[in-house]
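> Next one to model:
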Amino acid sequence: MDAEKLKLTASELGSLWGEYVNGTSVDVVNRYMYSIIEDEAIKRVFNDALKTFEKQKRQIIAFIENEGFPVPIGFNESDLFLGKQRLFSDAFCLNYLHIMTLHGLLGHTTAFSISVRKDLRDFYDSCDNDAKKMYHQTIELLLDKGLFQRDPLYYAYEHPQFISSYDFKDGFLGKGRTLAATEIISISINLKKSILAKTLSIAFSQVAESNEVKKFLSQSEKTADGQIKALAKILQGDNLPVPKSLETEVTISTDSPFSDKLLMYHMGFLFQAAQTYHGAGLATAMRTDLVTTYEATILQNLMVTKNWFKVMVKNKWLEQPPLAPNRIEIAKQK
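Below is the predicted model:
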């Protein structure tokens, strides 16, 4: 059987649907940032990002339409107001693109792992290669401009060692041990993502039109700030450096370049995507204080997304993904 004649599975369709909606939301932000960036090197990287997504968007549309499903509305020109007062610095724009590229890498890898059809596997393979190329570009440019914050450095010891005490898990009691290198991975990436979420919450709350949206963004800023402080305290307890904040990279503009719908969706996406990284941190944590911090963070994010869902549904801003057939309702129609 020709693999490309196989119908898309629900998982394959769901991955394409999510790629389209999430991708168009980020694309709108990227287009705004491209319009305000002054640094030519950063502008070139954003131009590459815009061209790459336009290519991917056409392919996603073809996959969905060939299955007879409607293409999601997602986000488009109606959510973007160009010519508005500058909201972000060039440095923040580059940091934003780097972090969103990390999200793309994870999303493409996950989508690839559930794809069966060869044409879909080839598509996500190319998306992964595109994301890797963008990752290299953003890292090199951040390093070149002195904007990239490297993780803490550890010093070599002579021989491998084994855990010799149950106190290894109880660092918060004062009788445990310092952070393991394996724990730094998630602490670092979660801190950087929370810093981005907090900064966007601040920027978006300045320009949002609806008081309801402003209130949600204020709550999301406080949640992200609390999570930053919790992880920073753990690093500082071992005299390790904490990534610097990005709030000063937001101007004092109150002139919104985006629709409230996009502001809300983008923040919801960040908090939902963060759950994957917090879950990974919880899975690798071997210190009780880290475990409790990640557990609290996951519960806090659930509350944020619960409030987000209410606002999105109330304003009819949340598109419904394809659903399984309701056999009971179908039977009633006969």
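
> pLDDT score assigned to G171?
pLDDT, G171: 50.

> Next secondary structure after the host helix or strand of D119?
Assessed by DSSP states H and E, D119 sits inside helix 118-144. Beyond helix 118-144 on the C-terminal side, the first helix or strand identified by DSSP H and E is helix 181-207.

> Now that next one: buried residues?
Residues 183-184, 186-207 are the ones in helix 181-207 that count as buried (16 or more other C-beta atoms under 10 Å). In this view, the C-beta of every residue, glycine as well, is placed from N, C-alpha and C.

> so how far is it off the chain centroid?
Chain-centre distance of helix 181-207: 10 Å, with C-alpha atoms, centre = their mean, to the nearest Å.

> counting contacts, what elements does that helix pack onto?
helix 90-113, helix 211-237, helix 260-284, helix 288-314 (3 or more C-beta pairs under 8 Å, 6 or more residues apart in numbering; DSSP states H and E).

> TSV for the ones you listed, including distance to E54 and mean pLDDT?
Listed next are the helices and strands packed on helix 181-207 as TSV, based on distance: least, C-beta to C-beta, whole Å; pLDDT from 0 to 100:
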stretch	distance to E54	mean pLDDT
helix 90-113	15	95
helix 211-237	29	96
helix 260-284	18	94
helix 288-314	26	95
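
> Any chance of TSV for the ones you listed, columns mean neighbour count and distance to T254?
As requested, those are exported to TSV (neighbours: other C-beta atoms under 10 Å; distance: least, C-beta to C-beta, whole Å):
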stretch	mean neighbour count	distance to T254
helix 90-113	20	17
helix 211-237	18	11
helix 260-284	20	13
helix 288-314	17	20
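
> which one of those lies closest to D79?
helix 260-284 (4.3 Å; C-beta to C-beta).

> packing partners for the closest one?
Using 3+ C-beta pairs under 8 Å, 6+ apart, helix 260-284 sits against helix 10-36, helix 90-113, helix 181-207, helix 211-237, helix 288-314.

> Out of these, flag the one nearest K57.
Nearest of the helices and strands packed on helix 260-284 (C-beta to C-beta): helix 10-36, 6.6 Å.

> got the angle for that closest one vs helix 181-207?
When axes from the mean of the first three to the mean of the last three C-alpha atoms, to 10 degrees is applied, the directions of helix 10-36 and helix 181-207 differ by 60 degrees.

> mean confidence score for the helix or strand that comes right after helix 10-36?
Where DSSP H and E defines the elements, the next helix or strand beyond helix 10-36 is helix 40-66. Across helix 40-66, pLDDT averages out at 97.

> Just the buried residues of helix 40-66, please?
If you call a residue buried by 16+ other C-beta under 10 Å, then helix 40-66 has these buried ones: 42-43, 45-46, 49, 52-53, 56-57, 59-60, 63-64.

> now L263: how far from V29?
10 Å (C-beta to C-beta, to the nearest Å).

> cool, G281 as well?
As judged by C-beta to C-beta, G281 and V29 stand 26 Å apart.

> and the residue lying closest to I228 once chain neighbours are set aside, how far is that from K133?
Leaving aside its sequence neighbours, I228 sits nearest to S194 (C-beta to C-beta, 6 or more residues apart in numbering; 4.9 Å). Here S194 is placed at a distance of 27 Å from K133 (C-beta to C-beta).

> thinking again about what came up before, please name every helix or strand in contact with the helix holding D119.
When contacts are defined as 3+ C-beta pairs under 8 Å, 6+ apart, helix 118-144 sits against helix 10-36, helix 40-66, helix 90-113.

> Which stretch among those helices approaches D238 most closely?
Of all the helices and strands packed on helix 118-144, helix 90-113 comes closest under C-beta to C-beta, at 24.6 Å.

> roughly how far out does that closest one sit from the chain middle?
Taking C-alpha atoms, centre = their mean, the mean C-alpha location of helix 90-113 is offset from the chain mean by 7 Å.

> Report all helices and strands that it contacts.
Helix 90-113 sits against helix 10-36, helix 40-66, helix 118-144, helix 181-207, helix 260-284, with contacts defined as 3+ C-beta pairs under 8 Å, 6+ apart.

> L153 is nearest to which of those helices?
Closest among the helices and strands packed on helix 90-113, using C-beta to C-beta: helix 181-207, at 10.2 Å.

> Any regions of the stretch 101-250 of the chain where pLDDT drops low?
Scanning the stretch 101-250 of the chain for pLDDT under 70 picks out the ranges 166-176.

> Put together JSON lines for the helices and strands packed on helix 181-207, with distance to G23 on each row.
Formatted as JSON lines, the helices and strands packed on helix 181-207 follow (distance: least, C-beta to C-beta, whole Å):
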{"stretch": "helix 90-113", "distance to G23": "8"}
{"stretch": "helix 211-237", "distance to G23": "22"}
{"stretch": "helix 260-284", "distance to G23": "11"}
{"stretch": "helix 288-314", "distance to G23": "18"}
